[in-house]
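Undergrad: Below are the sequence and a predicted model for it; my questions follow.
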Amino acid sequence: MNAADLDSTQQHPPKILLTKIGMDGHDRGSRLVAAFLRDGGMEVVYTGPWQKITDVVNLAIQEDVDLIGISSLATDHLILPKLMDALRDAGLGHVSVVVGGIVPDCDLALLSDAGVAHVFHPGAARDDIVARVSQLVQKTRAAGLAEMGGGHA
Amino acid sequence: MRKGHTFEESAAYEEAKARWEAEYSRQMGDETPRSNRSGIPIKPLYGPDDLNGGLNQDSYMNSLGFPGDGPTTRGIHASMHRGRPWSPRLVVGLDLPEDYNARMRALYDIGLTGLYVAPCNSHMRGFDPDEVEPELLGHCGTVIASAEDMRVCLDGLPIDKYSTSLGCSAPYTLSAFLFAVAKRRGIAWNKLAGTTNQSDYLSHHTALHMFFRIALPGQRQLLLDHIEWMQREAPRWNALSVVGQHMQQAGATPAEAMGLTISSAIQYADDLVARGHDPDAFLPRFSFFFDISISFFEEVAKFRAGRRLWQRITSERFGAKDPRSQRFRFHGQTSGVDLTRQQPFNNIGRVAVQAMAGIFGGLQSLHTDAYDEALGSPTANAAQVAVATQNILRDEAHLDDVIDPLGGSYYVEKLTDQMEAEIEAVIKKIDAAGGMYRATESGLVQNMIGQSALDWQAKIDSGKQVIVGVNAHVMDDTPSDRPATRERLDPGRVEAYLARFESYKRDRDQGAVQHALDGLARACNSTDENTYGHVIKCALAGVTHGEICHRVRDELGVGQPLVVA
């Protein structure tokens, strides 16, 4: 891996999948965040609500996304561990997953134990969201490259 | 006295006004213009010049009138809150049916007089509890899937004494379950008062993807059938609640939310007229449901303007003669979007201001949010504070003493006129698009709401709109300072419930279940059979919510959300 290769991978903009799993449909937040990220120069794959976990995994593979954002306003975050398992099973363990919405303190450990990279709570500032997401995308790409490197060895 | 002015032209008045203007400008210098959420510029002072048509008895009668009469701007009843106090009604929905029952009994003991049943998300999505991830059951509403569950929810609660509001969307199974419970208790259906609180499918298609949805043509058929059935069998029941709350929560400005809601009501009234109904037969049972933001005066003006407009539209556009057809009856819910996770006890103050705006706006029933709603589903303590807030506003602060106490304020009257103009502009835009049904199909409404949500967020991001604790007066965010959230429902109890549900399904008369479902399917495909009569028959035969929804979904098709982002 040389610097030129690294540059070429960094040149294509971060690709984010923004979606909702489970049963809730409140989408004001996810629509806003989609706009924030697009304004921040990222490519956003946006879906309607009620996606099945398998659909999210398939979409993440097809679209080759760097990060998955799950919007949860009505406790759908409780099935995040199932999503994380499914992503790992599909070889997408390196893709960062973030959650935005209403996550009570008592559930934070559940999400971090499952491998969720970050939780954005109500009131999260636009700039912080964009900055944190791009930071995590860099991490995902580095991890993806490391994985590829490992495969060649 | 010259018509249109409160007093003779007075040199002293003009002089004093010029003096104040000069002094104000001197003190303020270059001032950033202010405007409210609906985009109306806000001046520092309002006076007699701002009154539309001035203040005289003719203009008063035209634009304000007396409560319960004329344009009804000041209220829909002669006695308003003195004679008809608003009903404190809390959206309550949690855990299992027996938990709902316990929470409701406790709230009744402290003064709640209106019942509200919020079902679990599985219900809203049209599934039975045994069809979804068990982790998701009972968090944001109560698990209710059958008439038996409803019986447990309402055990010992006076459904014949207080009105019951149901978070119930097409095909309206919650109402059917309630009617089945009433039948079992020996309460005649025509004695039941209440509201099918989520029957406004246009609000779901445009702003709230909480509910499972039938495709638009099927939704239209189910709603009109529901209204007709209730009109015949339960005339005290409000089959239609037109909801502006979802749109405002999704981002619509207060004026947009009011305009879109009235446009929806016009659509439903047009549809009923097309089915051959007399407006005076169905309009008296139309009711409305709105969001109340913390933009205090704007909300008061929104409600006053909406009430005046609805009176005019029902009488002029629909030719309604019965004063009851012209009454703008509404439930208000304090806005959750205004609440913050940061410094959550600040929300008690916010809710009190929002509630006051609704009360001065002349509402008929009120939900006050719990202070912990940005943290999770409300705890029992936070729900009690929410009810107590209403008791304090009524009994300690005496906000029910005077009818429309802000009426006559130069600012409030001017703002009411301006909000009315904004609201009318929205209604005209929807009319031009062919009405609310077409504007929903095309995505026009969804785009409007999305754009306003972005505009609002930009105000917060730029600091133009202060949110205490979020972009101003920020304090360290320490989890230990936050009130504890509710404990998650014990998975063992969910398992026991699911076992109970399975045995309920096993022990039914399976022949009667099939027969009822077949009748429902037939009605879905017929033009002269009312579908809702068959939903009621299903509820009486022990058919579950999911079974009814699946059959209706099979016959009428699914309404996928229009994704606008």
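TA: That came through fine. Nothing here was measured: the structure is a model prediction, and the numbers come from that model.

Undergrad: Which secondary structure element is home to the closest residue to chain B within chain A?
TA: With CB to the nearest CB as the measure, A:Gly25 is the residue of chain A nearest to chain B, at 2.5 Å. Placement of C-beta: from N, CA and C, glycine included. In this structure, A:Gly25 sits in neither a helix nor a strand according to DSSP states H and E.

Undergrad: The one 4 residues further on now?
TA: In the assignment (DSSP H and E), A:Gly29 maps to helix A:28-39.

Undergrad: got the buried residues for that helix?
TA: A:28-37 (16 or more other CB atoms under 10 Å in any protein chain shown).

Undergrad: For chain A, what lies in contact range of chain B?
TA: When proximity is defined as CB under 8 Å from any CB of the partner chain, chain A approaches chain B at A:22-28, A:30-32, A:34-35, A:44, A:46-50, A:74-76, A:78-79, A:82, A:102, A:104-106, A:121-123, A:125-127.

Undergrad: out of those residues, which are inside helices?
TA: Those of these mapping onto helices are A:28, A:30-32, A:34-35, A:82, A:126-127, per DSSP state H.

Undergrad: which of the residues you listed sit farthest apart?
TA: Farthest pair in these (CB to CB) is A:Lys82 and A:Asp127. Separation: 31.8 Å.

Undergrad: what stretches of the stretch 51-200 of chain B score poorly on pLDDT?
TA: Regions of the stretch 51-200 of chain B meeting the criterion pLDDT under 70 cover residues B:52-54.

Undergrad: looking at chain A, which helix or strand is least sure?
TA: Scoring the helices and strands of chain A by mean pLDDT, DSSP states H and E places helix A:3-11 at the bottom, with a mean of 49.

Undergrad: contacting residues around the helix or strand that that one is followed by?
TA: Downstream of helix A:3-11, the first helix or strand assigned by DSSP H and E is strand A:15-19. With contacts defined as CB atoms under 8 Å, 6 or more residues apart in numbering or on different chains, strand A:15-19 is touched by A:30, A:33-34, A:37, A:42-47, A:51, A:56, A:59-60, A:63-71, A:133, A:137.

Undergrad: who does strand A:15-19 pair up with?
TA: strand A:43-46 (parallel), strand A:67-72 (parallel) (DSSP bridges).

Undergrad: still on that earlier bit, what subset of the contacts of strand A:15-19 is buried?
TA: A:30, A:33-34, A:37, A:42, A:44-47, A:51, A:56, A:59-60, A:65-71, A:133, A:137.

Undergrad: Please name the residues that touch the residue minimising distance to the centre of chain A.
TA: Central residue of chain A (CA atoms, centre = their mean): A:Ile68, 1.9 Å from the mean position. Applying CB under 8 Å, 6+ apart, one finds that A:Ile68 lies in contact with A:16-17, A:19, A:56, A:60, A:87, A:95-98.

Undergrad: Most neighbours of all the residues you listed, which one?
TA: Neighbour counts for the contacts of A:Ile68 (other CB atoms under 10 Å in any protein chain shown) peak at A:Ile16, which has 28 neighbours.

Undergrad: Okay, and the beta partners of it?
TA: A:Val44, A:Leu67.

Undergrad: ok, back up a step: columns distance to B:Gly126 and mean pLDDT on top of the strands paired with strand A:15-19, output as a markdown table?
TA: Formatted as a markdown table, those follow (distance: least, CB to CB, whole Å; pLDDT from 0 to 100):
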| stretch | distance to B:Gly126 | mean pLDDT |
| --- | --- | --- |
| strand A:43-46 | 24 | 96 |
| strand A:67-72 | 20 | 97 |
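
Undergrad: Of all the residues in chain B, which one is nearest chain A?
TA: Closest point on chain B to chain A, by CB to the nearest CB, is B:His209, at 2.5 Å.

Undergrad: Check that residue and give its pLDDT.
TA: With respect to pLDDT, B:His209 has a value of 76.

Undergrad: The closest residue to it other than its chain neighbours: neighbouring residues, count only.
TA: Distance criterion CB to CB, 6 or more residues apart in numbering or on different chains; nearest residue to B:His209, sequence neighbours excluded, is A:Gly25 at 2.5 Å. Residues near A:Gly25, counting by other CB under 10 Å, number 24.

Undergrad: got the contact list for A:Gly25?
TA: A:49-50, B:208-211, B:561.

Undergrad: which of those sit farthest apart?
TA: Within those, A:Trp50 and B:Leu208 form the most distant pair, 13.1 Å apart (CB to CB).

Undergrad: quick one, helices of the stretch 51-200 of chain B?
TA: For the stretch 51-200 of chain B, the helices defined by DSSP state H, counting those that start in this stretch cover B:57-63, B:80-83, B:97-109, B:121-124, B:147-153, B:173-185.

Undergrad: winner for burial among those helices?
TA: Mean neighbour counts were compared across the helices of the stretch 51-200 of chain B using mean count of other CB atoms under 10 Å in any protein chain shown; the top stretch is helix B:121-124, at a mean of 28.

Undergrad: Using PDB, write down the CA coordinates of that one.
TA: Taking C-alpha atoms only, helix B:121-124 is exported to PDB below (Å, rounded to 0.1, in the frame of the first residue of the first chain):
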ATOM      1  CA  ASN B 121     -45.500   0.100  18.000                       C
ATOM      2  CA  SER B 122     -46.400  -3.500  17.000                       C
ATOM      3  CA  HIS B 123     -50.000  -2.500  17.000                       C
ATOM      4  CA  MET B 124     -49.300   0.700  15.000                       C
END
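
Undergrad: which residues are contacting it?
TA: Contacts of helix B:121-124 (CB under 8 Å, 6+ apart): A:22-24, A:74-75, B:128-129, B:131-132, B:136-137, B:139-141, B:143-145, B:167, B:169, B:174, B:210-212, B:545.

Undergrad: quick revisit: want to throw the ones in helices among the residues of chain A next to chain B into JSON lines with pLDDT?
TA: Below are these laid out as JSON lines (pLDDT from 0 to 100):
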{"residue": "A:Arg28", "pLDDT": "89"}
{"residue": "A:Ser30", "pLDDT": "93"}
{"residue": "A:Arg31", "pLDDT": "91"}
{"residue": "A:Leu32", "pLDDT": "93"}
{"residue": "A:Ala34", "pLDDT": "96"}
{"residue": "A:Ala35", "pLDDT": "94"}
{"residue": "A:Lys82", "pLDDT": "97"}
{"residue": "A:Arg126", "pLDDT": "93"}
{"residue": "A:Asp127", "pLDDT": "94"}
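
Undergrad: Tell me the secondary structure at A:Val119.
TA: strand (DSSP: H, G, I helix; E, B strand; the rest coil).

Undergrad: Could you pull out the buried residues of stretch B:128-146?
TA: B:128-130, B:132, B:134-146.

Undergrad: hey, C-alpha coordinates of the helix or strand that B:Val300 is a member of in CSV?
TA: Following DSSP H and E, one finds B:Val300 within helix B:296-312. What follows is helix B:296-312, C-alpha atoms only, in CSV (Å, rounded to 0.1, in the frame of the first residue of the first chain):
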residue,chain,number,x,y,z
PHE,B,296,-46.5,31.4,23.0
PHE,B,297,-48.3,34.3,21.2
GLU,B,298,-48.0,32.6,17.9
GLU,B,299,-49.8,29.5,19.2
VAL,B,300,-52.6,31.5,20.8
ALA,B,301,-53.0,33.4,17.5
LYS,B,302,-52.9,30.1,15.5
PHE,B,303,-55.8,28.6,17.5
ARG,B,304,-57.9,31.8,17.4
ALA,B,305,-57.3,32.2,13.6
GLY,B,306,-58.0,28.5,13.0
ARG,B,307,-61.3,28.7,14.9
ARG,B,308,-62.4,31.7,12.9
LEU,B,309,-61.4,30.2,9.6
TRP,B,310,-63.2,26.9,10.3
GLN,B,311,-66.3,28.7,11.2
ARG,B,312,-66.2,30.6,8.0
